[in-house]
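K.L.:
give the three-dimensional model of this entry:
(one chain, ligands or ions: 1)
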Amino acid sequence: MTTVAREELRDAAIEELGSAAVVSELEQLRTYDCDGLTGRRVVPALVVLASSAQDVQAAVRLCNRFDIPFVARGAGTGLSGGALPVEDGVVISLQRMNRILDVDLEGERVVVEPGVTNLAVTQAVAAEGYYYAPDPSSQQVCTIGGNVAENSGGAHCLKYGFTVNHVTGLDVVLPSGELVQLGGASVHTDGPDLLGAFIGSEGTMGIATRITLRILRRPESVRTLLAGFESVDGAGLAVSEVIAAGVLASAMEIMDRLTLEAAEAAVSAGYPLVEGLLLIELDGTREQVEEDTDRVIAIFEQVGATEVRVAESDAERSLFWRGRKAAFAAVGRVSPDYYVQDGVVPRGELTAVLRRIGQLAEEHGLRVGNVFHAGDGNLHPLVLYDASVPGELEKAGRLAEEILVACVDAGGSLTGEHGIGTDKACSMPLMFSEDDLATMTRLRRAFDPAGRANPGKVFPTPRLCGEVPGPYRMHPLEKAGVAERL
Ligand SMILES: Cc1cc2nc3c(=O)[nH]c(=O)nc-3n(C[C@H](O)[C@H](O)[C@H](O)COP(=O)(O)OP(=O)(O)OC[C@H]3O[C@@H](n4cnc5c(N)ncnc54)[C@H](O)[C@@H]3O)c2cc1C
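P.N.:
Numbers count the residues shown, from 1 in each chain. Predicted coordinates:
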């Protein structure tokens, strides 16, 4: 975009939205140049700070007038490059739209603007004995709009389901600028499930401006346990046995020694320093939880746990969780750089795939820490590297990609909860045929015929995936070095 065109865009935006809603200075624009996938950066032409659905409509219409793309942005914690700006495009930030609009305890619904944080929903209803179930580890910061776009998960999604199971209605600004409603307060809608299609579409079908959420009553009783094992395999076996025994835990998380040590150093959770740690939570009626606790402890003993601890208070329970929730960031203590992979495997393949990850790490000469939602088979291998060592960034990129191939080969999938974004768009053909991708693209085009909403994300495009020679062939991590040119 020429400087003149950029100035015209800025002036038009100020006229439509007012100067307080428009960011156009380069230094300020740079703060929006990436999300949690920090290896890729693009400075947008303009950022609009929307305060209402009408602002979002005005910003989208402006993009149509100037024939440029737009990217919705919540808190920018996404790990797959979903909120990465598109060159010469507009970022529409939803963070100012952070009001809780309605709380209906009787109907068990909360209506929010998209910039409300995940945790704020629970905080708004906690005193009345309710909570919002999906709990990404980033919940203090990430927004409900981002959660909807990514169909985010969390430790307790094992029992309660993902974001898609907790959203009943959306107001959406379509890429045409029109404001539409999908679903409502009821869980049932007639006709095709457009709400379901939108959730998880990563900003490629429009922008959610009002979101109706289901809230749940807090269970009567909750019990959190830690069990240490001599290997990650041992912890994995315990998970299989608990499930086989018919115990429906609300969460089952495993950490290996590397992530455990990092988490312990970060938050002093008092974890035993073992090779495989299983964190398990049981909830329900008091009697059910008592019974399940006894069964689970017996299983842990049978499969050779070296140590079992039961949280004795809410404070201890929170401490157990604090270490797990801090695990990604804590790894920064043991490595200058790291990349969070996100893949899914059938539960029965967990052990085999973890072994394969160990082999791949050895072959590439890099360390990989494992922390994962074991009950869902959702792995989060943390590939540790040092970007200042020549070639290590590229090595980390290749290793991360080979881990993904191992997941898909085992019958799993490309992402459990972090989304495809820019990071994995080029990996989509690992799972989907050309026909599959063409069908998905047709659905997306029904919402966005001109392709202005978050282009280049989710769907592989020739420009991004190397049908043309050049730096586009590289993995996003490798591309980091040439990000300025892209
Ligand atoms: C330390 C850490 C831990 C994490 N743990 C988890 C976890 O346990 N589970 C999990 O699922 N994720 C996790 N994440 C990833 C991330 O927090 C989630 O994907 C989250 O939902 C992103 O929310 P956000 O507000 O930051 O969205 P952003 O990163 O700003 O955007 C994410 C995507 O949503 C789109 N988008 C944002 N708002 C809207 C809107 N209103 N309408 C339409 N599209 C929109 C963007 O265009 C982009 O494609 C973690 C991230 C970090 C850094």
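K.L.:
who's in contact with the residue positioned nearest the centre of the chain?
P.N.:
The geometric centre of the chain, computed from its C-alpha atoms, lies nearest to His418 (C-alpha atoms, centre = their mean), at 3.2 Å. By C-beta atoms under 8 Å, 6 or more residues apart in numbering, the residues touching His418 are 78-80, 150, 340, 342. Glycine gets a C-beta too; all of them are placed from N, C-alpha and C.
K.L.:
again with Asp171
P.N.:
53, 179-182, 208-211.
K.L.:
assumed it was part of a strand.
P.N.:
Yes: when DSSP: H, G, I helix; E, B strand; the rest coil is applied, Asp171 is found to be in a strand.
K.L.:
separation between it and Val111?
P.N.:
To Val111, Asp171 is 10 Å away according to C-beta to C-beta, to the nearest Å.
K.L.:
rewinding a little: give me the subset of the contacts of Asp171 that lies in strands.
P.N.:
Residues of these located in strands (DSSP state E): 179-182, 208-211.
K.L.:
list phi and psi for Arg99.
P.N.:
phi -100, psi 140 (degrees, to the nearest 10).
K.L.:
number of nearby residues for it?
P.N.:
13 (other C-beta atoms under 10 Å).
K.L.:
leaving out sequence neighbours, find the closest residue to it.
P.N.:
Using C-beta to C-beta, 6 or more residues apart in numbering and skipping residues adjacent in sequence, the residue nearest Arg99 is Glu113, 5.0 Å away.
K.L.:
return the residues of the protein in contact with the ligand.
P.N.:
35-36, 71-79, 82-83, 94, 114, 136-138, 142-143, 145-147, 149-150, 152-154, 202-203, 207-208, 328-329, 417-418, 454 (C-beta under 6 Å from any ligand atom).
K.L.:
show me how to select, in ChimeraX, the buried members of the residues you listed.
P.N.:
In ChimeraX, a selection of the buried entries from those looks like this (16 or more other C-beta atoms under 10 Å):
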select :35,36,71,72,73,74,75,76,77,78,79,82,83,94,114,136,137,138,142,143,145,146,147,149,150,152,153,154,202,203,207,208,328,417,418,454
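K.L.:
tell me how this protein divides into domains.
P.N.:
3-93, 100-217, 221-330, 335-482 (automatic domain parsing).
K.L.:
output those as JSON lines; include the columns mean pLDDT.
P.N.:
Compiled in JSON lines, the domains of the chain are given as follows (pLDDT from 0 to 100):
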{"stretch": "domain 3-93", "mean pLDDT": "96"}
{"stretch": "domain 100-217", "mean pLDDT": "96"}
{"stretch": "domain 221-330", "mean pLDDT": "95"}
{"stretch": "domain 335-482", "mean pLDDT": "87"}
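K.L.:
can you pick the most crowded of the contacts of Asp171?
P.N.:
Going by other C-beta under 10 Å, Ala208 tops the contacts of Asp171 with 31 neighbours.
K.L.:
beta-bridge partners for that one, please?
P.N.:
Per DSSP bridges, the residues bridged to Ala208 are Val172.
K.L.:
next, count neighbours for Thr351.
P.N.:
Using other C-beta under 10 Å: Thr351 sits among 18 other residues.
K.L.:
what about it, helix or strand, and which?
P.N.:
helix 350-364 (DSSP states H and E).
K.L.:
can you list contacts of that helix?
P.N.:
Contacts for helix 350-364 (C-beta under 8 Å, 6+ apart): 232-233, 236-237, 239, 345, 367-368, 370, 374, 377, 379, 381, 383, 395-396, 398-399, 402-403, 406-407, 410, 412.
K.L.:
next structured bit after it?
P.N.:
Beyond helix 350-364 toward the C-terminal end (DSSP H and E), the next one is strand 368-373.
K.L.:
look up how far the ligand lies from the closest residue to Val22 other than its chain neighbours.
P.N.:
Spatial nearest neighbour of Val22, excluding adjacent residues (C-beta to C-beta, 6+ apart): Ala13 at 4.7 Å. Per C-beta to the nearest ligand atom, to the nearest Å, Ala13 is found 19 Å from the ligand.
K.L.:
now do Ala13: how many residues are near it, please.
P.N.:
Using other C-beta under 10 Å: Ala13 sits among 25 other residues.
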